[in-house]
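In: quick one: sequence plus predicted model below, questions after.
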Amino acid sequence: MNRQPILEDDSVILTPLWQDEFEELLAVSSDPLIWAQHPNPDRWQREVFRTFFDGALASGGALMIRSKAHGNAIGSSRFYDHDAVASEIKIGYTFFSRDHWGRGTNQRVKRLMLDYAFQHVRQVLFHVGAQNLRSRIAMQRLGAELIGEEDVAYVGEPPRKNLVFRITRKEMVGPPGLEPGTNGL
């Protein structure tokens, strides 16, 4: 599975994240309110974001999210911890500029990522910071099921409590003309 595909719809495009995009993504991430509910609320700070960004690059699955209309960076997400034996992958580390909150951007991005992932795996897991109410609501809107809790150690940061959500391939609705749950597979 290529964990850095190019994915797009009519409003967003996801491309592999590159080292030379640090300053551009830092500009998006420098709003403290973006991180207020995240496990590390200091990620808006340059040094802390550098650790996060370097971890994203090292993951081999980080994606830059851009507005298709303007080409500007609006956030980032990633695929990580692909387990071919368990037929699962995780999606997370997602953030967006506040001007894209409440506009369906997160759902569009997650649908693109889920549709791609389900070509390769049977289930997708999401780690969500236990205090991150916005992300928990977003998971419910996607139809993800809360399946547990675990401590997650982000690169260069201490472990923090996260909720684990799951969506399986059979729970996804396929394109028009296909039976629900087939996802074309």
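Out: On my side now, so go ahead. Numbers count the residues shown, from 1 in each chain.

In: start and end of stretch 98-108, how far apart?
Out: 16 Å (C-alpha to C-alpha, to the nearest Å).

In: so which residues make contact with that stretch?
Out: Contacts of stretch 98-108 with the rest of the structure, by C-beta atoms under 8 Å, 6 or more residues apart in numbering, involve 9, 11-12, 31, 33-34, 65, 74-75, 94, 96, 134, 138, 141-142. Placement of C-beta: from N, CA and C, glycine included.

In: using ChimeraX, make a named selection holding only the buried ones among the residues you listed.
Out: Typed into ChimeraX, the line below selects the buried ones among the contacts of stretch 98-108, using 16 or more other C-beta atoms under 10 Å:
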select :12,34,65,74,75,94,96,134,138,142
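
In: just the ones of the contacts of stretch 98-108 in strands?
Out: Using DSSP state E, the members of the contacts of stretch 98-108 that fall in strands are 12, 65, 74, 75, 94, 96.

In: the nearest residue to the second one once chain neighbours are set aside pairs with what?
Out: In other words, residue 65. Nearest non-adjacent residue to residue 65, counting by C-beta to C-beta, 6 or more residues apart in numbering: residue 75, 4.4 Å away. As for beta bridges, residue 75 partners with residue 65, residue 96 under DSSP bridges.

In: any low-confidence regions in this protein?
Out: For the chain, residues meeting the criterion pLDDT under 70 lie at 172-185.

In: the same query, at a cut-off of 80, please.
Out: Within the chain, the stretches with pLDDT under 80 are 155-157, 171-185.

In: all helices for it, in order.
Out: Ranges of helices within the chain are 22-29, 32-35, 46-59, 105-117, 133-142, based on DSSP state H.

In: what residues does the first one touch?
Out: Same thing as helix 22-29. Under C-beta under 8 Å, 6+ apart, the answer for helix 22-29 is 17, 35, 43-44, 46, 49-50, 52-53, 64, 73-76, 95-97.

In: gap between the closest residue in space to residue 151 that isn't next to it in sequence and residue 126?
Out: Once flanking residues are discounted, residue 151 sits nearest to residue 159: 4.0 Å by C-beta to C-beta, 6+ apart. To residue 126, residue 159 is 17 Å away according to C-beta to C-beta, to the nearest Å.

In: residue 6 and residue 14 touch, don't they?
Out: Yes. Taking contacts as C-beta atoms under 8 Å, residue 6 lies within contact range of residue 14: 6.8 Å.

In: check the burial of residue 5 by counting its neighbours.
Out: Residues within reach of residue 5, counting by other C-beta atoms under 10 Å, total 18.

In: kindly report the same for the one 3 residues further on.
Out: When counting by other C-beta under 10 Å, one arrives at 14 neighbours for residue 8.

In: picking that back up, just the buried residues of the contacts of helix 22-29.
Out: Buried by 16+ other C-beta under 10 Å: 17, 35, 43-44, 49, 52-53, 64, 73-76, 95-97, out of the contacts of helix 22-29.

In: having no further points to raise, I will conclude here.
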